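>>> take a look and give me a structure for this.
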Amino acid sequence: MVDMLDFVRAHQDYAAPIACLLAFGESLALVSLLIPATVMLIGMGALIGASGIDFWPIYFGAVIGAGLGDWLSYWLGCHYHAQIAGMWPLSKKPDLLPKGHAFFEKWGWPGVFIGRFFGPLRAAVPLVAGTCGMPNLPFQIANWSSAFVWAGLLLAPGSLGLSHLTDVLGGW
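Here you go, the predicted model:
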């Protein structure tokens, strides 16, 4: 375990860009179905705490990645709304887009905020918001504010918990 923590410390400059890419992939429509980034980001939080590297650059990397992923999904929905239903995997799961649409219609911009915290909705809601023609400003407010909360909820528990645990145990 010490070797892994030494490796993390030696390569900590890569942590923020990796967090950014993971959060971007997790928030990007269709791509999010292929990348288990939520679990990786939770693990990254644990590595932050265990290794003692700086939390904030990694946190802001995850925020930027999540916000940009949702922004791109929204943009795709705005510009390609007619073609989206026929694209994979939506063509294989025709109920996914109507479910996202019903969720968005019920909740509006708070649905964008809330949707970030629920697995399959995370990337589908911004796409549907774009297809429904949600105005950009309310979408971006919900997008970026939820990105700040989401990144903190994924990274902070492991970071805080393991840093206190290693203090109590005197390191690994």
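>>> so where is this structure shaky, pLDDT-wise?
1-2, 89, 161-172 (pLDDT under 70).
>>> show me where the chain has helices.
Listed in chain order, the helices of the chain (DSSP state H) span 2-10, 15-27, 37-51, 55-79, 81-84, 96-107, 109-115, 121-131, 136-169.
>>> contacting residues around the shortest one?
Judged by CB atoms under 8 Å, 6 or more residues apart in numbering, the contacts made with helix 81-84 from elsewhere in the structure are Leu76, Gly77, Leu90, Leu97, Leu127, Gly130, Thr131. All C-beta atoms are positioned from the backbone trio N, CA, C, and that covers glycine.
>>> which of those residues has the most neighbours?
Using other CB atoms under 10 Å as the contact criterion, the top neighbour count among those goes to Leu127, which has 29 neighbours.
>>> any idea how far that one lies from Phe103?
Here Leu127 is placed at a distance of 12 Å from Phe103 (CB to CB, to the nearest Å).
>>> then Phe7?
Between Phe7 and Phe103 the distance is 41 Å, computed by CB to CB.
>>> okay, the two: which has more neighbours?
Neighbours were tallied for Phe7 and for Phe103 using other CB under 10 Å; the higher tally belongs to Phe103 (18 against 12).
>>> check contacts around the more buried one.
Neighbouring residues of Phe103 by CB under 8 Å, 6+ apart: Gly111, Gly115, Leu121, Val125, Val128.
>>> repeat for Thr131
Taking CB under 8 Å, 6+ apart as the contact definition, Thr131 lies against Gly77, Cys78, His81, Ile84, Leu97, His101.
>>> go again using 10 Å as the cut-off
Contact criterion CB atoms under 10 Å, 6 or more residues apart in numbering gives 74, 76-82, 84-85, 97, 100-101, 104 as the residues in contact with Thr131.
>>> could you work out the most separated pair of the contacts of helix 81-84?
The most widely separated members of the contacts of helix 81-84, counting by CB to CB, are Leu90 and Gly130 (13.6 Å).
>>> output the contacts of helix 81-84 in a markdown table; the columns should cover distance to Phe55.
What follows is those, written out as a markdown table (distance: CB to CB, whole Å):
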| residue | distance to Phe55 |
| --- | --- |
| Leu76 | 32 |
| Gly77 | 33 |
| Leu90 | 37 |
| Leu97 | 37 |
| Leu127 | 31 |
| Gly130 | 32 |
| Thr131 | 36 |
